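Engineer: Sequence and predicted structure are below.
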Amino acid sequence: MNKNFSFLGMILSSIVGAMVALVVYNTFWNNKNYEGIGYKQNFVLSNYSDTSNVVVPDGLNFVHAADIVRPAVVHIKTFYEAKQQQIQRQQVDPFFRQFFGDEFEQYQGEGGGNQPKEAAGSGVILTQDGYIVTNNHVIDKADKIKVILDDKRSYEAKLIGVDPTTDLALLKIEETNLTFVPFGNSDQVRVGEWVLAVGNPFDLTSTVTAGIVSAKGRNINILRSKTNYAIESFIQTDAAVNPGNSGGALVDLKGRLIGINTAIATPTGSYTGYSFAVPVAIVRKVVDDLLKYGEVQRGLLGINIQDISAELAKEKGLANVKGVYVGGVNENGAAKDAGIVEGDVITKINDVFVNTSSELQENVARFRPGDKIKVTFLRKGSEKTVTATLKNKMGNLSIVRTDDNSFTALGAEFKALNKEDKLKFKLEEGVKVVKLKDGKLKEAGMKEGFIITKVDKQPIQGPEELINILNSRRNGGVLLEGIYADGKKAYIGFGWE
């Protein structure tokens, strides 16, 4: 009897133990955390419950900034004649596409290669009366530029000016009382700070993405492949930016503009983790110049610079790797006039620390020819500070407006080469003589319509550069190289008396 009771007790104990184990398993292991990770996450609907356990830190609210900025970010559509579209595609090199993706080839419409084509990007309204900033590569060589507001109103835009050295362009639409994005301060933006990118990726209008600033003063050498005067000091973020976002807004959580989204680093043409924006400090300077002068007025120190690596510091006998190394000084430059020499290490511009070439260029690029800046540098371990008066790329202090195209001594009026002439003569840049009166050029045999491409074998980009060069050649002879409307090349020389 005792044996039977003992056997029955063992069975009951086993049953009770199994039940306890089942309860413990259901309580501690068989819960939602387990099933959500491996399987059900792929099928969660977008209208999920608001009972999330995620805690949002105080002050981190994207809604306020998004509501402010979205009405002021526009959709830009550019239209190209078929012939020009083919030329534009040929000019897009693989390295350029690596950072900008395939925006250049996102042309829409049907009908084959003989039909007008279309591309798209973004822009940011800066003023109530319709000034809009975007990227130069968004509108480059476009025959027509269309701006579509967030409320779907549509306008044809006028191109005010461009600056390829920063990849920025300024547009104007005829409207009033527009919502605009207020300027922020890109100097005060810190790595790790939350930011929003607002634009129109893949023609998906008014798209907002969030991320953090992952680096500042980033140089990716994308613009410098196009011009030696390029300024690259990008704000790098991990906010998702795709083709179509170019020219859109990068803003802080108060809805203030801190940058213009410009490029992505991508092997696929789409976002893969990094995006780059032109700091608003540069945007403001470029826009202001385009409004006042029609051209960007770039003040230069006149030096060759390079970042200091451990290897360079060892080679040159530098005490540390801080600052920017001066590898050369131009003979007629601002730095030489101020007493800066090869081998100096620049550490500050106007009391702002600079530790990379891009940081130095960004801080100098905010000023115009004739402006004075403080330059602090190390020479053989001793710190010195000098005042440098910046010059233009021709080595003088002059500022020339685009509409100031008459040059009295020569009896000529000049205009920048338009896109039709560029296509016709397969030229990138040049200056056209639109009017010719009595003067040295007429005496030398020049006729109206002549396109000047070089002065003393130096390529000419625009009227400002031409006038500056001619001003600097007043003590000797000048040889102009160019082409007439019939395609014939010509050389015209004259001397100053």
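Structural biologist: Sure, I can see it.
Engineer: State the distance from the closest residue to Lys254 other than its chain neighbours to Val73.
Structural biologist: Distances taken as Cβ to Cβ, 6 or more residues apart in numbering put Ala65 closest to Lys254, at 6.5 Å, once the chain neighbours are dropped. The way it works is simple: take the backbone N, C-alpha and C, and place the C-beta from them, glycine included. Counting by Cβ to Cβ, to the nearest Å, the gap from Ala65 to Val73 is 12 Å.
Engineer: quick one, which of the two is more surrounded?
Structural biologist: Val73 (28 against 22; other Cβ atoms under 10 Å).
Engineer: State the three-state secondary structure for the nearest residue to Asp351 once chain neighbours are set aside.
Structural biologist: Distances taken as Cβ to Cβ, 6+ apart put Lys374 closest to Asp351, at 6.6 Å, once the chain neighbours are dropped. Following DSSP: H, G, I helix; E, B strand; the rest coil, Lys374 is assigned to strand.
Engineer: For the remainder of this discussion, apply numbering that starts at 695.
Structural biologist: Will do, 695 is the new start, and the previous item becomes Lys1068.
Engineer: Pull the contacting residues for Lys1068.
Structural biologist: Going by Cβ atoms under 8 Å, 6 or more residues apart in numbering, Lys1068 touches Lys1042, Ile1043, Asn1044, Asp1045, Thr1079, Val1080, Thr1081.
Engineer: With Ile976 instead?
Structural biologist: Thr860, Leu862, Ile925, Ser927, Glu1056, Ala1059, Arg1060.
Engineer: helix or strand right after the helix or strand hosting it?
Structural biologist: Counting by DSSP states H and E, the element that carries Ile976 is helix 974-986. Next along the chain after helix 974-986, taking DSSP H and E as the criterion, comes strand 997-1001.
Engineer: Which elements pack onto that following strand?
Structural biologist: strand 1018-1023, helix 1051-1058 (3 or more Cβ pairs under 8 Å, 6 or more residues apart in numbering; DSSP states H and E).
Engineer: Now do that strand against strand 1018-1023, angle only.
Structural biologist: 150 degrees (axes from the mean of the first three to the mean of the last three Cα atoms, to 10 degrees).
Engineer: buried ones in strand 997-1001?
Structural biologist: Ile997, Ile999, Asp1001 (16 or more other Cβ atoms under 10 Å).
Engineer: Closest one of the residues you listed to Val889?
Structural biologist: Asp1001 (25.7 Å; Cβ to Cβ).
Engineer: Which residues does the closest one form beta bridges with?
Structural biologist: Beta-bridge pairing for Asp1001 (DSSP bridges): Val1018.
Engineer: in terms of contact, does it touch Val1048 like I think?
Structural biologist: No. Using Cβ atoms under 8 Å, Asp1001 is not in contact with Val1048; the gap is 10.5 Å.
Engineer: Identify the contacts common to the two.
Structural biologist: Val1018.
Engineer: mind listing what the nearest residue to Leu1130 once chain neighbours are set aside touches?
Structural biologist: Setting aside the residues directly before and after it, Leu1130 is nearest to Glu1142 in space (Cβ to Cβ, 6+ apart), at 4.7 Å. By Cβ under 8 Å, 6+ apart, Glu1142 lies in contact with Val1127, Val1128, Lys1129, Leu1130.
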